[in-house]
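# The sequence and its predicted three-dimensional model are supplied below.
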Amino acid sequence: MSETEKNTNPPDIEPSSTRRSFFTKLWILLGVVALAELVAVLFGFFKPRKQTISATGVESVINAGSVEKFDPGTVTAFVRGKFYLARLADGGFLALSRTCTHLGCTVPWVAKENKFICPCHSSEFDISGEVISPPAPRALDIFQVTIENNLIKVDTTKRMKRSSFDTAQIVYAEKG
Amino acid sequence: MNRILSSIFPSLSKPRREGRSSIKLLNSLLLHFRPRTVNERTLRFSLTWGLGGMAAVLVFLLFCTGIMLKFVYEPFPGRAYDSIIYLQQNIIFGQLIRNTHHWSGNILLLGVFLHFLRVFFTGAFTAPRQFNWIIGLALLGSVLISAFTGYLLPWDQLGFWAVTICTSMLEYIPLVGKWLQESIQGGPEMGPAILTNFYAIHTAVMPLVLVFLMGFHFWRVRKAKGLVILRSPDESPETRGDTVPSIPNLLVREIAVGLALLAFMLVFAMLFNAPLADKANPGLSPNPTKAPWYFMGIQELLMHFHPLFSLVIIPLLLALFLLAVPYLDYGEDNTGGVWFFSHRGRKIALLSVLVALPVSTLFIMANEFLVDFGTMLPGLPDAVSNGLIPFILCLLVLAGFYSFIKKKYSASKHEMVQAVFVFLLTAFVVLTVMGIWFRGPGMNLTLPL
């Protein structure tokens, strides 16, 4: 009985149980899936391009030279590696990023005043990259330094963020 | 030949009924885009100042010059700067086209900002125009993004470092900031990917978004039956002017404003060259490094507040306030078309400027030379001492001003919202002016020149 009634005017009666509404739901589901795929594709296009960074022709591991080349208490700039190699007064090494932690400007080493001074908002850092004067919120990033057979190597892909300077970050040459 | 012509323009083959068929054709072409008749009062220059129309003309001019530039410009870090030099030195009128594009972009920013103020102060955001205010805000944002992405493209020291500091600001946004910054910059530092990203956004994404939003914006103006009707504070909302045909009344005015603007842009572009600094050098930050002028207000704010407040909380609250403006409950108060809502509204708006101007200047000076919450309260985290505390202080000043106005004038909701709007607007203008003209080397406060 009820079935004949349904057949007489199908659009009006219980749309939730009809085949039509099933297909409507299927369409919506497919639409949501398609939208999710589109979003995923867009994200894929937009994410940081790791290949282009390595494809710029700069080697990621830089041979800085032998330990004796650097006097304690000096800072040497490595333009191609975009870092400074600092030899602290006690003879230990740190590879400091040249990018200011405040807004990304390049920080020059001012040898006369023995500190890094950012030209953009006058943040100041000491030789270990520690903040002396804000607005920089944290110490300069460091790169991994390894010393083998008195040769210093800096891996520019291993960038390490730090909130402040810590003696554990210093790398020393093995004393033979 | 005739058959081909008539297939293109079918109306040509029909016998002419009257001598005015060309006007009829024009009428039908614009029928769905422009109104057939307009209220005579909305034609007055003192209502619109022609600002919306000027913005549309500038967008058109930007599209034309932008397409021309696309044939010369090479979007690669090694070649972009040289292609600009080549454009300026070797291509006939190359410099002129670049100048026109550059200055049109800057004047467009100024124009849409003034248009935004005009719409606010004539109460044109009230029903039925509420949602068009939102579309307008989206257009304002789109124009800002277009200008900012274009700023980088010459790949000179100016654009490179301005974009460096602006995209580095993104890092301070909680949770997604780091990801956002690295996605846009193409790595932890500015990489070649940023030029590809900005070029795509500037020359494809934003033009599409602009065209879409502009169509939407104009359509909503038509749905609201034209512009808000100008009247003096004493006239009742029922006062309406006569209705007159759009052609020629509206059309001649639009053509006059458009042509005058085009002539002005051309002369301006002939007299002033678009700036071009040295080729971008990632190893050398210029001193001082400044954001584009339209973001200097935010950079100045950053000098006084912790990034969490200056880059996230304050801009977010401002955006929420602007989005909420048309949807606040104003009761039965109909103020559409009245400049500054009422006689009292004009007085309060003027007072808001006169209070906000010295207060915001004094706050900047005090924070620069006298008060440093960071060293005064060394025990607290920076986000509290340099963020929350000065932020609450500013809120208290605003709240004090609000209750003073409310008590003294027993002002309506419209007038109160306007008072807050004018107060914040004045502070924003002061911050921007400070940042552009009063910040020298090391971003220290100095006198201009």
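Perfect, thanks for sending it.

# Ramachandran coordinates for the residue nearest to B:Thr37 when sequence neighbours are not counted?
Spatial nearest neighbour of B:Thr37, excluding adjacent residues (C-beta to C-beta, 6 or more residues apart in numbering or on different chains): B:Thr243 at 4.8 Å. In this view, the C-beta of every residue, glycine as well, is placed from N, C-alpha and C. Per-residue torsions, B:Thr243: phi -100, psi 130 (degrees, to the nearest 10).

# Who are the contact partners of B:Thr243?
B:Thr37, B:Val38, B:Asn39, B:Glu40 (C-beta atoms under 8 Å, 6 or more residues apart in numbering or on different chains).

# So which of the residues you listed is the closest to chain A?
Nearest to chain A out of the contacts of B:Thr243 is B:Val38 (C-beta to the nearest C-beta; 41.5 Å).

# you'd agree the closest one is in a helix?
No - counting by DSSP: H, G, I helix; E, B strand; the rest coil, one finds B:Val38 to be strand, located in no helix.

# Show me where the stretch 1-150 of chain B dips below the pLDDT cut-off.
Scanning the stretch 1-150 of chain B for pLDDT under 70 picks out the ranges B:11-32.

# Minimum distance to chain A, which residue of it gives it?
For the stretch 1-150 of chain B, C-beta to the nearest C-beta, closest residue to chain A: B:Pro77, 9.3 Å.

# Show me which of the contacts of B:Thr243 are buried.
By neighbour count, with 16 or more other C-beta atoms under 10 Å in any protein chain shown, the contacts of B:Thr243 hold B:Val38, B:Asn39 as buried.

# so can I have a markdown table of the contacts of B:Thr243 showing distance to A:Ala77?
What follows is those, written out as a markdown table (distance: C-beta to C-beta, whole Å):
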| residue | distance to A:Ala77 |
| --- | --- |
| B:Thr37 | 71 |
| B:Val38 | 66 |
| B:Asn39 | 68 |
| B:Glu40 | 70 |
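
# wait, isn't A:Ala136 in contact with A:Phe125?
Yes - in this structure, A:Ala136 is within contact of A:Phe125 by C-beta atoms under 8 Å, at 7.0 Å.

# Please name the strands paired to the helix or strand where A:Val154 lies in the sheet, noting orientation.
Using DSSP states H and E, A:Val154 sits in strand A:151-160. On the basis of DSSP bridges, the sheet neighbours of strand A:151-160 come out as strand A:61-66 (antiparallel), strand A:142-148 (antiparallel).

# remind me, longest helix of chain A?
helix A:19-46 (DSSP state H).

# Now do the same for that helix: mean pLDDT, whole number.
In this model, helix A:19-46 has a mean pLDDT of 89.

# pLDDT below threshold where in chain A?
Residue ranges of chain A with pLDDT under 70: A:1-17, A:47-59, A:174-176.

# Can you check which residues contact both of A:Ala136 and A:Phe125?
Residues touching both A:Ala136 and A:Phe125 (C-beta under 8 Å, 6+ apart) are A:Cys118.

# where does the stretch 151-300 of chain B come near chain A, residue by residue?
B:161, B:164-165, B:167-169, B:182-183, B:186-193, B:197, B:282-289 (C-beta under 8 Å from any C-beta of the partner chain).

# which of these are buried?
By 16+ other C-beta under 10 Å, those give B:161, B:164-165, B:167-169, B:182-183, B:186-193, B:197, B:282, B:285-289 as buried.

# Now, these that are in helices?
Those of those mapping onto helices are B:Trp161, B:Thr164, B:Ile165, B:Thr167, B:Ser168, B:Met169, B:Glu182, B:Ser183, B:Ala193, B:Asn197, per DSSP H.

# OK, contacts around the second one?
I take that to be B:Thr164. A:Leu103, A:Gly104, A:Cys105, B:Met190, B:Ser285, B:Thr289.

# Could you grab the helix/strand/coil label for the first one?
Following three-state DSSP, A:Leu103 is assigned to coil.

# measure it to B:Trp293 for me?
According to C-beta to C-beta, to the nearest Å, A:Leu103 stands 17 Å off from B:Trp293.

# Those two: which is more packed in?
A:Leu103 (27 against 18; other C-beta atoms under 10 Å in any protein chain shown).

# thinking that one is in contact with B:Met169, fair?
Yes - counting by C-beta under 8 Å, A:Leu103 does reach B:Met169; the two are 6.5 Å apart.
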